[in-house]
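*Asks:* Model the following, please.
(2 chains)
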Amino acid sequence: MQKKLILDSDLLDITVSRLCQQLIENHNDFSDTVIMGMQPRGIHLAELIHQKLESGIKKEIPLGYLDATFHRDDFRRREIPAKGNETRIPFVIEGKKVVLVDDVLFTGRSIRAALDAMISFGRPAKVELLVLIDRKYNRDLPIAADYVGKVVNTLPAHRVLVELQAQGHKQNKIWLTYKD
Amino acid sequence: MSKLSQKHLLGIKDITREDIELIFETADNFKDVINRPIKKVPSLRDITIANIFFENSTRTRLSFELAERRLSADVINFAASNSSVKKGETLLDTVNNILAMKVDMVVMRHASPGAPHFLAKHISANIINAGDGTHEHPTQALLDAFSIREKIGGVSGKKIAIIGDILHSRVALSNIFALQKLGAKIMVCGPPTLLPKFIGQLGVKVELDVTRALEWCDVANVLRIQLERQQIKYFPSLREYSLYYGITKKMLDNLKKPIIVMHPGPINRGVELSSDAADSQHSIILDQVENGVAIRMAVLYLLAGATS
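*Replies:* Just a heads-up that it's a prediction; the model follows:
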């Protein structure tokens, strides 16, 4: 098993700060914007960004969690059924600008499921996608992110490992791993 | 592992505590889904489910059908009363004919105990037992335990009394298995003629006095007198039964402690439960019905997903 560090703690901090600046550029005072973290692994990044944004613009921004498990297209195509997670959307998304946040963009299928799941709650005015790691050359669907932390060239056999302090790790570190 | 240990849900006796907990966790998610503006998810969109009911049912059949539709499955309904069963077709032939039309899952209620177990030996589709005679009714027990967990935060260590016609009740047997697996203490209470002779061997307390049972328990699960299954007289009259074993709001209020009253339905108001007790703040009967859909969605989702 080979392991290569893509982002360390300092770099991640700079990257997240940049993503927040880009969000502020496009959303001004966030009066119509909500942040939506994707379960299970996008929520920690969403919390990180949400925290930074709120302290940056000194204003409360709605934060929700979206679980797309029951909207996935690989049901009955995997060994065991995927387990659901909590969806918590304590606001109305009808007419809002939604920033969907996930850690890694790979095939795009989770995002497709998430868009499908989100429509169950109303019709957003606009949906944007923010990802920390964009795995280039691996998309199965025509889906692209609006805000990207880092683009990584990967093969399907590679895995991106996101270790965040919020998940109980010692330091924030993002790895690229692959078997020899 | 988020996978059930069984391919079918024939009875609570066959599944493990881990299975029950997995079903509860999944049902939590589905309870959230059915409270959304759009109550439907596409998980089971390529699955066809046959609801085969050889015995009457309102709640269970509607609840299963709603659960199936909310998971986007295709549903066919079959009631034995207006079918070729009347012309002498056997159970296996009937089901095989339905399966020949490419049906993936079967939800069956049958008057004979063991009918779904018999089917499971002969067909490959997933089978969910929706009640087999006086034997088991697993989804009812799951939704009962789920409702208790939701209302008082857990099942383990809680005292639950099952009161009424234990002898003819599949709900009682499934409840005993489910609640015991989750660590609850169980008491059964009813007239001696309606208690199975060796029920004590299941590790449950037996009580003949309903007031003492209510004083003991945190949750009272009240069962209906199943007159349709009683070929002989087990007690002199319904009026007398109601006098000795009927539960009224006054009895519940006099306990001076919180108590939860459940009933799997249909209620015979004024027999096992008075109207004011059924509609009192102690009762969670309608919560049980709501949870029934979420529990059945969880069972369908977990069984359908594991077949690939």
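*Asks:* Quick check: closest non-adjacent residue to the closest residue to chain A within the stretch 201-308 of chain B.
*Replies:* The stretch 201-308 of chain B approaches chain A most closely through B:Gly305 (2.8 Å), counting by C-beta to the nearest C-beta. Every residue, glycine included, has its C-beta placed from N, CA and C. For B:Gly305, ignoring the flanking residues on the chain, the nearest one in space by C-beta to C-beta, 6 or more residues apart in numbering or on different chains is A:Pro81 at 2.8 Å.
*Asks:* if I pick the one you found, what's in contact with it?
*Replies:* Contacts here follow C-beta atoms under 8 Å, 6 or more residues apart in numbering or on different chains; on that basis A:Pro81 touches A:Phe75, B:Ser2, B:Lys3, B:Tyr301, B:Leu302, B:Ala304, B:Gly305, B:Ala306.
*Asks:* okay, now the residue of the stretch 201-308 of chain B closest to chain A: neighbour count?
*Replies:* Burial of B:Gly305 is recorded as 23 neighbouring residues (other C-beta atoms under 10 Å in any protein chain shown).
*Asks:* swap in A:Lys58?
*Replies:* 7.
*Asks:* Who are the contact partners of the residue of the stretch 201-308 of chain B closest to chain A?
*Replies:* Shown in contact with B:Gly305 (C-beta under 8 Å, 6+ apart): A:Phe75, A:Arg76, A:Ile80, A:Pro81, A:Ala82, B:Ser43.
*Asks:* tell me which element B:Gln180 falls in.
*Replies:* helix B:170-181 (DSSP states H and E).
*Asks:* other SSEs contacting that helix?
*Replies:* Judged by 3 or more C-beta pairs under 8 Å, 6 or more residues apart in numbering or on different chains; DSSP states H and E, the packing partners of helix B:170-181 are helix B:17-33, helix B:138-152, strand B:159-163, strand B:185-189.
*Asks:* closest to A:Leu105 out of the ones you listed?
*Replies:* helix B:17-33 (24.2 Å; C-beta to C-beta).
*Asks:* buried sites along that closest one?
*Replies:* For helix B:17-33, the neighbour count (16 or more other C-beta atoms under 10 Å in any protein chain shown) marks B:Asp19, B:Ile20, B:Leu22, B:Ile23, B:Phe24, B:Thr26, B:Ala27, B:Asp28, B:Asn29, B:Phe30, B:Lys31, B:Val33 as buried.
*Asks:* Between these, which sits nearest chain A?
*Replies:* Closest approach to chain A among the buried residues of helix B:17-33 (C-beta to the nearest C-beta): B:Asn29, at 3.4 Å.
*Asks:* any idea how far that closest one lies from B:Tyr301?
*Replies:* 9 Å (C-beta to C-beta, to the nearest Å).
*Asks:* anything in contact with each of these two?
*Replies:* In terms of C-beta under 8 Å, 6+ apart, B:Asn29 and B:Tyr301 are both contacted by the residues A:Phe70.
*Asks:* picking up where we left off before, the residue nearest to B:Gly305 - that's part of a helix, no?
*Replies:* No: using DSSP: H, G, I helix; E, B strand; the rest coil, the secondary structure at A:Pro81 is coil, not a helix.
*Asks:* just checking, B:Val293 touches B:Arg69?
*Replies:* No: applying C-beta atoms under 8 Å as the test, B:Val293 and B:Arg69 come out as separate, 10.0 Å apart.
*Asks:* quick one on the thing from earlier: what's the most distant pair in the contacts of B:Gly305?
*Replies:* Distances among the contacts of B:Gly305 were taken as C-beta to C-beta; the most separated pair is A:Ile80 and B:Ser43, at 13.9 Å.
*Asks:* returning to that earlier point: phi and psi next, for the residue of the stretch 201-308 of chain B closest to chain A.
*Replies:* phi -70, psi -20 (degrees, to the nearest 10).
*Asks:* Give me the pLDDT for it.
*Replies:* What the model reports as pLDDT for B:Gly305 is 84.
*Asks:* Then B:Ser2?
*Replies:* 77.
*Asks:* Ok, A:Phe30 next?
*Replies:* pLDDT at A:Phe30 comes out at 88.
*Asks:* In three-state terms, label the nearest residue to A:Arg41 once chain neighbours are set aside for me.
*Replies:* In space, and not counting its chain neighbours, A:Arg41 is closest to A:Asp103: 4.8 Å by C-beta to C-beta, 6+ apart. Secondary structure assignment for A:Asp103 (three-state DSSP): strand.
*Asks:* distance of A:Asp103 from A:Ile6?
*Replies:* Taken as C-beta to C-beta, the span from A:Asp103 to A:Ile6 is 12 Å.
*Asks:* So which of those two has more stuff around it?
*Replies:* Neighbours per residue (other C-beta under 10 Å) separate A:Asp103 from A:Ile6, with A:Asp103 holding more: 22 against 19.
*Asks:* what's near enough to touch the more buried one?
*Replies:* A:Asp103 neighbours (C-beta under 8 Å, 6+ apart): A:Arg41, A:Gly42, A:His44, A:Leu45, A:Val131, A:Leu132, A:Ile133, A:Val160, A:Val162.
*Asks:* looking at it, B:Glu65 is touching B:Val75, isn't it?
*Replies:* Yes: contact status for B:Glu65 versus B:Val75: in contact at 5.8 Å, counting by C-beta under 8 Å.
*Asks:* now the residue nearest to B:Gly305: how far from B:Glu65?
*Replies:* 21 Å.
*Asks:* Identify the residue of chain A closest to chain B, quick one.
*Replies:* A:Pro81 (2.8 Å).
*Asks:* remind me, longest strand of chain A?
*Replies:* Ordering each strand of chain A by length in residues (DSSP state E) puts strand A:126-136 first.
*Asks:* where's B:Asn291 relative to B:Leu223, distance?
*Replies:* Following C-beta to C-beta, the distance that separates B:Asn291 from B:Leu223 is 18 Å.
*Asks:* Much appreciated, bye for now.
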